[in-house]
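*Asks:* A predicted structure for the sequence below; I have some questions about it.
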Amino acid sequence: MNRRNRSFLMALSALATLLISAGGLKARSAQTAAPQGSREITAEDCTSTKLGTGIPDSSIGEPVAGVTLSAPRWVAAAGNAPAHCSIDGAMAPVDTSVNGRPINFRVVLPASWTSHAVQLGGGGMNGSIPGLTGGEAAALLQRGFAAYGSDSGHQQGGFGPRGGGAPAAAPAGDWSLSDEAIKNLGYMQMKKTHDAAMVLMERLYGARPRYNYYVGSSQGGREALTVAQRYPADYNGIAANVPIVSFSSLMLAPEWIRIQEKPAANWVTPAKTEAIRAEFVRQCDKLDGLADGVINNYMACRATFDMSQGAADRNPWAAKRCPNNVDPNPQDTSAAACFTDGQITTLKLVYSRYKYATPLANGSKTFGMWVPTTDPSGSGLIVNARFKGQEDAAATAQNHSHLGVLGVTGFLMKNPSANPLDYTEGGAFNARREEISAWLDSTNPDLSAFARRGGKMIVAIGTNDSLASPGAQLDYYQSVLDKMGRSAVDEFARFYVIPQTGHGLSGSSYTVNGDGAAIPAAQIPSRFDRIAMLLDWVEKGAVPPKSATVTGNTGTLPLCSYPTYPRYNTGSTAEAASYTCKE
């Protein structure tokens, strides 16, 4: 599907930095190591004369129909932000239909460059260039990193044009109907942007970076995994937080829930939120040796509620079933509320692996869905409305919508106005489902090419994530271990899990523990410096521990590698030393 990377060693001078072809980084050695000093540029270098007005199509490793560059801008140093040269570019699509879209990209080139570069990932459905001088990128810019990123090949409404200004009028056509735009989002824009950035660094500094990284969260986390899977020669290290690994299925998953709830009897209403949360905590809080309102033992808890594991006729919700299947008080919002049989079937769907009609990309047969959480209604998993196509919906009811619904109506159904609840697993859209899965899903468990070239990766997820799918993330971790073996994975990757934290990897304890006692909410320690950890591993050979430490306002906890969790032993519950990472 994708064009394989073509790499070759370019001639070296005695003091030159190792040059890397547009196809990828070559392994470093003592003989080819770049100088440790930085390369300096000034405002006089930040010109179209130096950087050019375009880039040859032949320099880009995936198809484009032309690359144009805007006039570069010099930004003077201000506060802690170093001076830098910023240049925007646009890659014309090969798709000349009304639905085709360019890739808008930006490269930030510091005045004092240390032969380092970082590609920043996007978020949500993308559509705008990520911030290259703020957040994690700001600290890297101060360290002499060049930074680059793109809008991934489409322009979401409301973000405005490159360089600021009022939002442009909506273009004709719809990018979600362009296969090229979908493939750009899925993987090609990362390669195209990388290759353009390499050319610009070589033009300005006279060399390509010795170290190149990909850093992202959520959609950007998926992108980070994608480049390790598809373009392993281009990066020395990746840092991926909460990656949406099974992207095509994540966009469908909210529709699976609403389709399950088409019969009114199956509708899990917002009134049931507290009862769901309380039942998870009742059954799972103490599985980690401590009744503290935190479900640390995510593996055992998931096994309890995932109907794809254990006896098929078991019912983990039996204790909460309404007597005689009649809800005496549907408006009860307390933890004592019960569930009807129809509601229980929906809960089983949400917290069990979803089986595909046919295998998808990389042989995937299921989507992990969600794992037991103290935020069961987050990100629209539970809704307070009925939608077109559902029983008892009003005549004026709207189609169901959510962040990724365009991936269902546009990518899959090829009709952005379609009702996503018309989807049927294994039905008329199945062939298209397989096709877009191959473009969008970052589920390839074979990372051996990335590992062989010395690449390192640090991935972290949170089990309370309602926006991504912790179940799919955990299943991807397991698939890599199954494919490559634990010892091989430990040589190049850390797969961390921070229990009961959400999409931003933060969280707190529930206010009722597994014994039913009221307790104060406490922040769950979750801070760790993934960038410093990754750089030290790649550049200094400092191997990060499989059991590291996360910090917070209330203490510390172990940062455990999948499938282990923080098991309480004895001592202060606010100190990592009181816990052991246990499987």
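*Replies:* Received the coordinates, thanks. Numbering: from 1, shown residues only.
*Asks:* Low-confidence bits of this protein, can you list those?
*Replies:* Scanning the chain with the threshold set as pLDDT under 70 gives 1-36, 157-172.
*Asks:* counting residues per helix, which one in it is longest?
*Replies:* As assigned by DSSP state H, the longest helix anywhere in the chain is helix 189-205.
*Asks:* buried stuff in that helix?
*Replies:* 189-202, 204-205 (16 or more other CB atoms under 10 Å). The way it works is simple: take the backbone N, C-alpha and C, and place the C-beta from them, glycine included.
*Asks:* Residue 105 looks like it's in a strand, true?
*Replies:* Yes: secondary structure assignment (DSSP: H, G, I helix; E, B strand; the rest coil) places residue 105 inside a strand.
*Asks:* For it, which non-adjacent residue is closest in space?
*Replies:* The spatial neighbour of residue 105 that comes closest, neighbours along the chain excluded (CB to CB, 6 or more residues apart in numbering), is residue 150 at 3.8 Å.
*Asks:* Hmm, residue 132 and the one you found touching each other?
*Replies:* No: under the criterion of CB atoms under 8 Å, residue 150 lies out of contact with residue 132, with a separation of 10.5 Å.
*Asks:* Distance check, residue 206 against residue 438.
*Replies:* Residue 206 sits at a distance of 39 Å from residue 438 (criterion: CB to CB, to the nearest Å).
*Asks:* So these two - more neighbours on which side?
*Replies:* Higher neighbour count among residue 206 and residue 438: residue 438, with 17 against 11, using other CB atoms under 10 Å.
*Asks:* so who does the closest residue to the more buried one other than its chain neighbours touch?
*Replies:* Counting by CB to CB, 6+ apart, the nearest residue to residue 438 once its immediate chain neighbours are dropped is residue 361, at 4.5 Å. Contacts of residue 361 were listed using CB atoms under 8 Å, 6 or more residues apart in numbering, and they are 434, 437-438, 441, 443-444.
*Asks:* again, but for residue 516
*Replies:* The neighbourhood of residue 516, defined by CB under 8 Å, 6+ apart, consists of residue 282.
*Asks:* And for the one 4 residues further on?
*Replies:* Contacts of residue 520 were listed using CB under 8 Å, 6+ apart, and they are residue 511.
*Asks:* and it, which of the three is it?
*Replies:* Residue 520 is classified as coil under three-state DSSP.
*Asks:* Residue 439 now?
*Replies:* helix.
*Asks:* Name the nearest residue to it, sequence neighbours excluded.
*Replies:* In space, not counting the residues next to it along the chain, residue 439 is nearest to residue 186; the distance is 4.0 Å by CB to CB, 6+ apart.
*Asks:* Check the spacing between the one you found and residue 234 real quick.
*Replies:* Counting by CB to CB, the separation of residue 186 from residue 234 is 16 Å.
*Asks:* Do you have the strands of the stretch 101-250 of the chain handy? List them.
*Replies:* Shown for the stretch 101-250 of the chain, the strands assigned by DSSP state E, counting those that start in this stretch span residues 103-110, 112-113, 116-120, 145-150, 211-217, 237-241.
*Asks:* pretty sure residue 332 contacts residue 269?
*Replies:* No: in terms of CB under 8 Å, residue 332 does not count as a neighbour of residue 269; the distance is 10.4 Å.
*Asks:* and the gap between the most centrally placed residue in the chain and residue 419?
*Replies:* For the chain, residue 243 is the residue whose C-alpha lies nearest the centre (CA atoms, centre = their mean; 2.2 Å). Note on residue 243: its distance to residue 419, by CB to CB, is 29 Å.
*Asks:* Please give the element, helix or strand, for residue 495.
*Replies:* Take DSSP states H and E as the rule and residue 495 turns out to sit in strand 493-498.
*Asks:* Can you name the residues in contact with the following helix or strand past that strand?
*Replies:* On the C-terminal side of strand 493-498, the nearest following helix or strand under DSSP H and E is helix 530-540. Helix 530-540 has contacts (CB under 8 Å, 6+ apart) with 136, 139-140, 211, 213, 215, 236-239, 241, 454, 456-458, 460, 494, 542-544, 548.
*Asks:* List the buried residues in helix 530-540.
*Replies:* Residues of helix 530-540 classed as buried by neighbour count (16+ other CB under 10 Å): 530-531, 533-535, 537-538.
*Asks:* Need those residues in TSV (columns: distance to residue 328).
*Replies:* TSV is the format used below for the buried residues of helix 530-540 (distance: CB to CB, whole Å):
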residue	distance to residue 328
530	49
531	54
533	53
534	55
535	59
537	58
538	60
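*Asks:* quick one on the thing from earlier: if we take the contacts of residue 361, which one ends up nearest to residue 396?
*Replies:* residue 437 (34.7 Å; CB to CB).
*Asks:* give the contact list for residue 461.
*Replies:* Counting by CB under 8 Å, 6+ apart, residue 461 touches 241-243, 468, 470, 473-474, 496-498.
*Asks:* now do residue 260
*Replies:* Applying CB under 8 Å, 6+ apart to residue 260 gives the contacts 266, 345-346, 349.
*Asks:* The same query, at a cut-off of 10 Å, please.
*Replies:* Taking CB atoms under 10 Å, 6 or more residues apart in numbering as the criterion, residue 260 is in contact with 266-268, 342, 345-350.
*Asks:* do the same with residue 283
*Replies:* By CB under 10 Å, 6+ apart, the contact set of residue 283 is 295, 300-301, 304-305, 316-317, 319, 372, 514.
*Asks:* Ok, residue 469 next?
*Replies:* Contacts for residue 469 were tallied using CB under 10 Å, 6+ apart; they are 242, 244-246, 249-250, 253, 354, 367-371, 461, 475-476.
*Asks:* residues of stretch 353-366 that come out buried?
*Replies:* 353-354, 356, 360-362, 364, 366.
*Asks:* ok, so of these, who is nearest residue 581?
*Replies:* Set against residue 581, the nearest of the buried residues of stretch 353-366 by CB to CB is residue 353 (24.9 Å).
*Asks:* Tell me the spacing between the closest one and residue 497.
*Replies:* 17 Å.
*Asks:* before we move on, what about residue 64?
*Replies:* Per CB to CB, residue 64 is found 39 Å from residue 497.
*Asks:* ok, now residue 150?
*Replies:* When distance is defined by CB to CB, residue 150 is 30 Å away from residue 497.
*Asks:* For these two, indicate the residue with more neighbours.
*Replies:* Counted by other CB under 10 Å, residue 150 and residue 497 do not tie: residue 150 has more neighbours, with 30 against 26.
*Asks:* my guess is that one meets residue 220, correct?
*Replies:* No: Residue 150 is not in contact with residue 220 according to CB atoms under 10 Å; the separation is 11.4 Å.
*Asks:* which residues are in contact with both of the two?
*Replies:* Common neighbours of residue 150 and residue 220 (criterion: CB under 10 Å, 6+ apart): 119-122, 126, 130.
*Asks:* so which pair among those is furthest apart in space?
*Replies:* The two members of the shared contacts of residue 150 and residue 220 with the most space between them (CB to CB) are 119 and 126, at 13.4 Å.
*Asks:* overlap in contacts of those two?
*Replies:* Overlap between the contact sets of residue 119 and residue 126, as judged by CB under 10 Å, 6+ apart, is given by 149-150, 220, 223.
*Asks:* Out of the contacts of residue 260, list just those in helices.
*Replies:* Of the contacts of residue 260, the ones assigned to helices by DSSP H are 342, 345-350.
*Asks:* from those, which single one is nearest residue 564?
*Replies:* Proximity of the ones in helices among the contacts of residue 260 to residue 564 (CB to CB) peaks at residue 350, which lies at 25.4 Å.
*Asks:* hang on, the earlier thing: okay, and the common contacts of residue 150 and residue 132?
*Replies:* Counting by CB under 10 Å, 6+ apart, the contacts common to residue 150 and residue 132 are 106-107, 119-120.
*Asks:* okay, those residues in CSV with distance to residue 278 and neighbour count next?
*Replies:* Formatted as CSV, the shared contacts of residue 150 and residue 132 follow (distance: CB to CB, whole Å; neighbours: other CB atoms under 10 Å):
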residue, distance to residue 278, neighbour count
106, 48, 24
107, 51, 29
119, 43, 28
120, 40, 27
